[in-house]
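> What follows is a predicted structure for the sequence shown.
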Amino acid sequence: MNKTLIKEFKLLALIILLISFLSCKDNNKKKPEIKEKWVQLFNGKDLNNWVIKIKGHPAGENYKNTFIVEDGVLKVNYNEYEAFDNAFGHIFYNKIFSNYRIRLQYRFTGEQLKRAPDWAINNSGVMIHCEDPKSMEINQKFPVCIEAQLLGGLGQEERATGNLCTPGSAVLVNDSLITRPCFQSSSKTFHGDQWVTFEAEVRNDSIIKHFVNGKHVLTYSKPIVDGGMPNKDEFWKSKMGTPLKDGYISLQSESTPMEFKNIEILELN
């Protein structure tokens, strides 16, 4: 092999090594992270884009200022109440969602009102796939929906949060149809007035997951309209067994003062 050919082979080998090195260097570069587009549902200033429905009162009436905004947080406020007297309430964001992650922080901040059921103490919820608040009957306690139940500890015994309740609905848990009112998650208990982060991943009428302080605590699937409906309207009776694919999101007022903040949503494809 002549000297010219040897030089050409050496040059070619050097070029191949250089290309290989540059290619490896590019592959090792950190790919830019895709920023998730979380949207704030609560602006920390007012209740714009939210609709209130309290038992015994029409949608849109904020009975005794049950829901107020103070210090950048959304408060369940009972300062004008003498007793609870079954004034179960919900505040709905005025947009329908189907595939999304909802995330917020909550805490319980005071004593339960008089004349309220024992089970409602330190009890609230994030209601998923809700019916329209304007469709609710005047004396209806809860919307037809799936409830991610939020519970606060009572000082001693274990009391999980991020549970599942099913007003007017049913779901599958481990391939078994859940028709009883509530199903407990695997979360720990949170006593006192500490802030707790709750998140739900909602996939249409497929899979729904609950997370508490970032820990996965419950999974269920195939939500449907079911018996025991809080709304006795003929419309819902005609929908028995149909999938719950989408709906409004609401937060509860259920006899104990509490606060919500950093309420945000990430819509999914």
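Great, that's in hand.
> ranges for the helices of the chain?
Remark: helices assigned in the chain by DSSP state H are 3-27, 234-237.
> mean pLDDT for those: which is lowest?
Mean pLDDT is lowest for helix 3-27 among the helices of the chain, at a mean of 60.
> any weak-confidence spans in the stretch 1-150 of the chain?
1-34 (pLDDT under 70).
> Return the distance of the residue lying closest to Arg103 once chain neighbours are set aside relative to Ile265.
Counting by CB to CB, 6 or more residues apart in numbering, Arg103 lies nearest to Glu199, which is 4.3 Å off, once chain neighbours are set aside. Quick note: C-beta positions are derived from backbone N, CA and C, even for glycine. Applying CB to CB, to the nearest Å, the value for Glu199 to Ile265 is 10 Å.
> Now the common contact residues for the two.
Common neighbours of Glu199 and Ile265 are listed as 101-103 (criterion: CB atoms under 8 Å, 6 or more residues apart in numbering).
> between the residues you listed, which is nearest Leu113?
Ile102 (27.1 Å; CB to CB).
> which strand residues sit across from the closest one in the sheet?
Ala200, Ile265 (DSSP bridges).
> How about the contacts made by it?
Applying CB under 8 Å, 6+ apart, the residues contacting Ile102 are 126, 128, 199-200, 202, 249, 263-265.
> one more time with 10 Å
By CB atoms under 10 Å, 6 or more residues apart in numbering, the contact set of Ile102 is 41, 93, 126, 128, 148, 198-202, 249, 263-266.
> Check Glu36 too.
For Glu36, the contacting residues are 101, 266, 268, by CB under 10 Å, 6+ apart.
> Could you rerun that using 8 Å?
Leu266.
> Let me see the backbone angles for it.
Phi and psi for Glu36, reported as degrees, to the nearest 10, are phi -70, psi 140.
> Please, where are all the strands along the stretch 101-250 of the chain?
Taking DSSP state E, counting those that start in this stretch, the strands of the stretch 101-250 of the chain run over residues 123-130, 146-151, 163-165, 169-173, 176-178, 182-183, 196-203, 207-212, 215-225, 248-253.
> Minimum distance to Ala116: which of these has it?
strand 123-130 (9.5 Å).
> Taking strand 207-212 as reference, get the angle to the closest one.
Comparing the axes of strand 123-130 and strand 207-212 via axes from the mean of the first three to the mean of the last three CA atoms, to 10 degrees yields an angle of 150 degrees.
> which secondary structure elements does strand 123-130 contact?
strand 89-93, strand 99-108, strand 146-151, strand 196-203, strand 248-253 (3 or more CB pairs under 8 Å, 6 or more residues apart in numbering; DSSP states H and E).
> 6 Å - rerun?
Applying 3 or more CB pairs under 6 Å, 6 or more residues apart in numbering; DSSP states H and E, we find strand 123-130 packed against strand 146-151, strand 248-253.
> Paired strands for it, with orientation please.
strand 146-151 (antiparallel), strand 248-253 (antiparallel).
> right, and the ones you listed - which one's nearest Gly60?
Of these, nearest to Gly60 by CB to CB is strand 248-253, at 13.6 Å.
> Which residues does that closest one contact?
66, 76, 89-93, 124-125, 127, 130, 260 (CB atoms under 6 Å, 6 or more residues apart in numbering).
> Among those, the buried ones, what's the PyMOL command?
Here is the PyMOL selection string for the buried members of these, based on 16 or more other CB atoms under 10 Å:
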select buried, resi 66+76+89+90+91+92+93+124+125+127+130+260
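> Looking at the contacts of Ile102, which is nearest Ala59?
Scanning these for proximity to Ala59, where the rule is CB to CB, the winner is Tyr93, at 13.4 Å.
> For that closest one, give the beta-bridge partners.
Note on Tyr93: beta-bridge partners by DSSP bridges are Trp50.
> Would you confirm that it contacts Leu41?
Yes: using CB atoms under 6 Å, Tyr93 is in contact with Leu41, at 5.1 Å.
> what sits in contact with each of these two?
With CB under 6 Å, 6+ apart as the test, Tyr93 and Leu41 reach no residue in common.
> ok so, going back, can you put the strands of the stretch 101-250 of the chain in a markdown table and add distance to Gln140?
As requested, the strands of the stretch 101-250 of the chain are arranged in a markdown table below (distance: least, CB to CB, whole Å):
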| stretch | distance to Gln140 |
| --- | --- |
| strand 123-130 | 12 |
| strand 146-151 | 14 |
| strand 163-165 | 15 |
| strand 169-173 | 15 |
| strand 176-178 | 22 |
| strand 182-183 | 19 |
| strand 196-203 | 23 |
| strand 207-212 | 23 |
| strand 215-225 | 15 |
| strand 248-253 | 12 |
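> Done for today, thanks.
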